[in-house]
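K.L.:
Here is the input, now give the coordinates:
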Amino acid sequence: MLIRIIVIVGLLAVASLAFLWWSRRNGVVRHVELPGTLSSESLGTPRGFRATFVQFSTPMCAKCPGTAVLLKQVASEYKDVVHIEIDATERLDLARRFDVMRTPTILVLNTDGVVVARMSGPPSIAQAREALDAAPPESAPYSI
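P.N.:
Have a look, this model is predicted:
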């Protein structure tokens with residue numbers, strides 16, 4: 001009887017630690033610079049002039065609609081930032097190219113279409129803003 005109780009308590013402790021580890025990884029911004037660019041043509045819609053949130057979603061994702069609303073809200077706060085949502089099941093080419101293993105996965109593109117930040121899982125507003133900091137605004141292409 002005592003051994004069963006110890007096993008159950010041990011399993012609960014392991015499950016609790018796994019949950020804490022998993023929940024701390026949600027929305028964490030990783031600054032990256034992946035080779036190559038994503039064009040408006042490959043995305044199927046125009047990119048933002050300053051930055052673009054590219055959100056990979058699936059129809060069965062419970063957190064994806066809320067994430068899309070949050071990213072649209074953050075994008076509307078900045079000039080020339082847009083949000084693009086891509087169904088990973090329909091665009092397997094892009095999902096494989098960027099190693100999308102869970103949804104939502106968000107890539108942040110800079111002006112040139114280079115991936116400069118990546119978030120896996122639903123981010124907070126602060127995390128979305130932090131990701132945009134990886135794509136600094138470009139200066140004007142001319143001087144006065």
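K.L.:
got the residue ranges for the strands in this structure?
P.N.:
29-31, 51-57, 81-87, 105-109, 115-120 (DSSP state E).
K.L.:
And those: which comes nearest T67?
P.N.:
strand 51-57 (6.4 Å; Cβ to Cβ). In this view, the C-beta of every residue, glycine as well, is placed from N, C-alpha and C.
K.L.:
Mind listing residues that contact the closest one?
P.N.:
Outside strand 51-57, the residues that touch it by Cβ atoms under 8 Å, 6 or more residues apart in numbering are 38, 43, 64, 67-68, 71, 74-75, 78, 80-88, 91, 94-95, 98, 100, 103-111, 113, 128, 131-132, 135.
K.L.:
Output the below-cut-off pLDDT ranges for the chain.
P.N.:
In the predicted model of the chain, residues 22-28, 30-35, 137-144 satisfy pLDDT under 70.
K.L.:
Mind jotting down where the helices sit in it?
P.N.:
2-25, 40-43, 64-77, 92-97, 125-132 (DSSP state H).
K.L.:
Can you tell me which of the contacts of strand 51-57 are buried?
P.N.:
Using 16 or more other Cβ atoms under 10 Å as the burial test, the contacts of strand 51-57 include 38, 43, 64, 67-68, 71, 74-75, 81-86, 88, 91, 94-95, 98, 100, 103-111, 113, 128, 131-132, 135 as buried.
K.L.:
thinking again about what came up before, would you convert the strands of the chain into TSV that also reports distance to V14?
P.N.:
TSV is the format used below for the strands of the chain (distance: least, Cβ to Cβ, whole Å):
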stretch	distance to V14
strand 29-31	26
strand 51-57	30
strand 81-87	35
strand 105-109	27
strand 115-120	22
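K.L.:
Distance check, the closest residue to F98 other than its chain neighbours against R129.
P.N.:
Leaving aside its sequence neighbours, F98 sits nearest to L107 (Cβ to Cβ, 6 or more residues apart in numbering; 6.3 Å). Relative to R129, L107 is positioned 16 Å away (Cβ to Cβ, to the nearest Å).
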